[in-house]
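Asker: Following is a predicted model, sequence given first.
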Amino acid sequence: MSFTAQELERYARHIVLREVGGPGQQRLKAARVLVIGAGGLGSPAILYLAAAGVGAIGVVDNDTVSLSNLQRQVLHSTSRLGIAKTESAKAAVAEINPHVSLEALEMRIGPDNAVDLIGAYDMVLDGSDNFDTRYTVNEGAVKARRPLISAAMGQWEGQLSVFRPWLGGPCYQCVFPEAPEPGLVPTCAQAGVLGALAGVMGSMQAVEALKLIAGAGEPLDGRLLLYDALYAETRIIAVNRREDCPVCGG
């Protein structure tokens, strides 16, 4: 897979990285990445995947752009209020990198389509905002045998991990076996969220994806990164696979 002169200039800062180089950039160009949600987490992730030259990005979302989104969802703009987030994402990516194809999937992911959707891509980034969707995406990723890069955030805190249980680590449900009782974990609409925190966590999702594609560094398999923006503290804790996990155990 060759690059045009324009692409070589566009990706020059990647190509000079020892861990990426020309071969890594070629892998990025050939990669297909699925992003669940074009909201606070998906926005920066999609922008950086596109800027990095990931060849095909699928975006699953069935919502429209609203004014309250714009405090943190930097993929969208005031001029695109009211349109589908997937179409807004397509417009934003076209402005950033015309060499990238964005596949707008205006739908919800559910148990009936998760495996097929995820299986059509090399990996999936989950930027959803509820436990039901996270469990569905996790089960689909395990069944399709695709890496899952999962992030979540609220108020001033975020978390991030990479799940590939077929390599011996846990899946998402190993780490979070049950959803909390209703009301225990308020939504961003209820409790608020720092807009820039979405940028931090979504960008870190993109970093993990680019590492996996390029074969660089050490991904967050078996480790959960916790970020406290209010006190500028980061911790990483070990997480383990559960043999009794209903999704990946046994």
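Answerer: Nice, I can see it.
Asker: In which helix or strand does residue 117 reside?
Answerer: helix 114-119 (DSSP states H and E).
Asker: Give the buried residues for the helix or strand of the chain with the lowest mean pLDDT.
Answerer: The least trusted helix or strand in the chain, going by mean pLDDT, DSSP states H and E, turns out to be helix 188-191, with a mean of 74. Across helix 188-191, burial judged by 16 or more other C-beta atoms under 10 Å covers residue 188. From N, CA and C alone the C-beta is placed, and that goes for glycine too.
Asker: Phi and psi next, for the residue most central in space within the chain.
Answerer: Most central in the chain under C-alpha atoms, centre = their mean is residue 125, positioned 2.8 Å from the mean C-alpha point. Note on residue 125: its backbone torsions stand at phi -110, psi 120 [degrees, to the nearest 10].
Asker: Name all residues that make contact with it.
Answerer: 33-36, 41-42, 45, 149-151, 205-206, 209 (C-beta atoms under 8 Å, 6 or more residues apart in numbering).
Asker: Let me have those in a markdown table, adding pLDDT and secondary structure as columns.
Answerer: Below are these laid out as a markdown table (pLDDT from 0 to 100; DSSP: H, G, I helix; E, B strand; the rest coil):
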| residue | pLDDT | secondary structure |
| --- | --- | --- |
| 33 | 98 | strand |
| 34 | 98 | strand |
| 35 | 98 | strand |
| 36 | 98 | strand |
| 41 | 98 | coil |
| 42 | 97 | helix |
| 45 | 98 | helix |
| 149 | 98 | strand |
| 150 | 98 | strand |
| 151 | 98 | strand |
| 205 | 98 | helix |
| 206 | 98 | helix |
| 209 | 98 | helix |
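Asker: which one of those residues is nearest residue 62?
Answerer: residue 36 (11.2 Å; C-beta to C-beta).
Asker: just the helices in the chain please.
Answerer: 5-10, 12-15, 21-30, 42-52, 85-96, 114-119, 131-144, 172-175, 188-191, 195-214 (DSSP state H).
Asker: which stretches of this protein have low pLDDT?
Answerer: 183-184 (pLDDT under 70).
Asker: can you count the residues close to residue 161?
Answerer: Burial of residue 161 is recorded as 25 neighbouring residues (other C-beta atoms under 10 Å).
Asker: how much space between residue 248 and residue 174?
Answerer: 7 Å (C-beta to C-beta, to the nearest Å).
Asker: Lovely, talk soon.
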